[in-house]
Structures are given as structure tokens and as C-alpha cells.
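Q: Using only what follows, build the 3D model:
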Amino acid sequence: MCFSFEISIGTFLVSWSICIYLLSKNLNKKQIQNIIFLMIFSSIQLADAILWYIKMKKNNINYIVTSFIIPLILSLQILYNVFIINNNKNPMITLFVIIGILYLFYRFNGYSKSLCNNKLSSPIWEEDLKICEIIIFAILILYPNYMRILDIFILIFLIKLYIGGAYGSLWCAIANIIALYYLYKY
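A: Okay, here's the model as predicted:
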């Protein structure tokens with residue numbers, strides 16, 4: 001979990017450095033798509049770093065990051081998976097994506113604060129996410145990879161059980177794990 005400015009910015013820099021290095025290699029189309037998706041995915045750590053840097057004070061920077069930058073990055077994850085990786089042409093899925101993206105901007109309109117009930121204090125974007133929201137989002141960014149969706153469900157359950165919230169910072173651990181996996185695999 002990301003619980004400080006240093007860890008958030010470090011995660012962003014490590015993930016992006018690995019991605020840039022891997023993009024300089026001779027990768028196939030699927031590998032390039034995976035790397036670009038990881039770059040979008042790990043960009044959320046830059047947003048979290050900004051929130052940590054301002055100590056999550058309720059100010060204009062917090063509002064802009066929470067209400068616009070975070071939903072934009074989350075929307076890009078959905079768009080990239082549905083339209084670039086999976087080349088969607090289904091109008092019903094497109095409608096679902098549009099509704100999902102509009103919901104993200106509606107849902108995160110406000111200010112982030114810190115979850116301070118444990119040692120793994122973490123940003124809560126506007127209001128902590130509901131399990132059903134996380135599940136829908138996971139499906140949108142991981143479909144049709146059912147094993148990854150199942151992995152995320154298990155991880156979400158463990159986070160809820162042991163930490164109690166601030167699911168958005170799952171990006172921190174996941175981004176580094178995936179980056180190191182790609183570095184090893186590619």
C-alpha cells in the first residue's frame with residue numbers, strides 16, 4: 001500500500017522506468033499494449049504523490065487531482081482495455097463504458113483524505129470505494145482476462161479484511177509487481 005509521498009512517487013518512477021526500458025526492446029504488439037496499459041495504470045501513483053505532497057489539505061489542488069486527474073487516469077485504463085487491447089465494436093459495451101466513465105467523474109467529485117486508522121494510511125479519493133464499484137471497474141479494465149479478475153477479487157477481499165479501505169492504493173503494490181514481472185518476462 002502507498003502510505004507516503006516517497007512511496008507513491010517511487011512507485012511511479014520505478015514502474016515508468018521499467019516500462020520505458022521495456023519499450024526500447026523488440027516487443028510484440030501484445031507486450032507493447034501490456035506495457036502501455038501498465039504506464040496508464042501506474043500513473044495513478046503520481047496523483048497520489050501530489051495528494052501526499054499537499055498533505056491532503058482541502059484546497060484547489062486536492063479538488064483538481066481528486067475530481068479530474070484521478071477519474072481521467074481511471075477512465076484511460078477502461079478506454080485502453082476496451083477499445084485498444086480488445087478492439088471493441090459492440091455499441092452496448094461502448095454505452096456501458098461511457099456510463100462508467102461519466103460515473104467516475106461524478107463519483108470522485110470532491111476532495112481526498114487520508115485513511116488513518118492503521119499503519120498503512122492511504123489516500124481515500126473523495127469517499128472510500130464500495131466493493132461493487134471496485135468489481136465493476138476491475139471487470140472493465142481486465143475483461144476478458146478472467147484469472148486476473150479473480151485475482152483482484154481475492155486481493156480486494158484481503159484488503160477489506162485486513163486494512164479496511166483505501167482500495168485505490170492497491171495500484172501501488174500491483175504496479176510494482178506487474179512492472180517487475182514484465183521486466184523478468186520480457
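Q: going forward, measure contacts and count neighbours with C-alpha atoms only.
A: Fine.
Q: Now do the residue of the chain most remote from its centre, the pLDDT please.
A: Farthest-out residue of the chain from its mean C-alpha position, per CA atoms, centre = their mean: residue 26, at 26.6 Å. Residue 26 is assigned 94 on the pLDDT scale.
Q: same deal with residue 167?
A: pLDDT, read off for residue 167, is 58.
Q: Shouldn't residue 144 be within a strand?
A: No - membership of residue 144 in a strand is not supported by DSSP: H, G, I helix; E, B strand; the rest coil, which gives coil.
Q: What does it show for phi and psi?
A: When read as degrees, to the nearest 10, the backbone of residue 144 gives phi -100, psi 20.
Q: That one and residue 86, how far apart?
A: The gap separating residue 144 from residue 86 is 8 Å, by CA to CA, to the nearest Å.
Q: Same question for residue 142.
A: 10 Å.
Q: For those two, work out which one has more neighbours and name it.
A: Ranked by neighbour count (other CA atoms under 10 Å), residue 142 and residue 86 place residue 142 first, with 19 against 12.
Q: show me what contacts the residue lying closest to the more buried one once chain neighbours are set aside?
A: Counting by CA to CA, 6 or more residues apart in numbering, residue 142 lies nearest to residue 149, which is 6.2 Å off, once chain neighbours are set aside. By CA atoms under 8 Å, 6 or more residues apart in numbering, residue 149 lies in contact with 138-139, 142-143.
Q: Please apply the same query to residue 46.
A: Residue 46 makes contact with 8-9, 12 under the criterion CA under 8 Å, 6+ apart.
Q: Would you mind measuring the gap between the ends of stretch 18-30?
A: End-to-end distance for stretch 18-30, by CA to CA: 17 Å.
Q: and the nearest residue to residue 41 once chain neighbours are set aside, how far is that from residue 10?
A: Excluding the flanking residues, the one nearest residue 41 by CA to CA, 6+ apart is residue 77, at 6.4 Å. With distances taken as CA to CA, residue 77 is found 21 Å from residue 10.
Q: quick one: which of these two has more around it?
A: residue 77 (21 against 18).
Q: gap between the residue nearest to residue 142 and residue 59?
A: Taken as CA to CA, the span from residue 149 to residue 59 is 35 Å.
Q: which SSE is the residue nearest to residue 142 in?
A: Using DSSP states H and E, residue 149 maps to helix 146-162.
Q: CA atoms of that helix as CSV?
A: Taking C-alpha atoms only, helix 146-162 is exported to CSV below (Å, rounded to 0.1, in the frame of the first residue of the first chain):
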residue,chain,number,x,y,z
TYR,A,146,-11.0,-13.9,-16.0
MET,A,147,-8.0,-15.1,-14.0
ARG,A,148,-6.8,-11.5,-13.3
ILE,A,149,-10.4,-10.5,-12.4
LEU,A,150,-10.5,-13.4,-9.9
ASP,A,151,-7.0,-12.4,-8.5
ILE,A,152,-8.3,-8.8,-8.0
PHE,A,153,-11.4,-10.1,-6.2
ILE,A,154,-9.3,-12.1,-3.8
LEU,A,155,-7.0,-9.1,-3.2
ILE,A,156,-9.9,-6.8,-2.6
PHE,A,157,-11.3,-9.2,-0.1
LEU,A,158,-8.0,-9.4,1.8
ILE,A,159,-7.6,-5.6,1.8
LYS,A,160,-11.1,-5.2,3.2
LEU,A,161,-10.4,-7.8,5.8
TYR,A,162,-7.0,-6.6,7.0
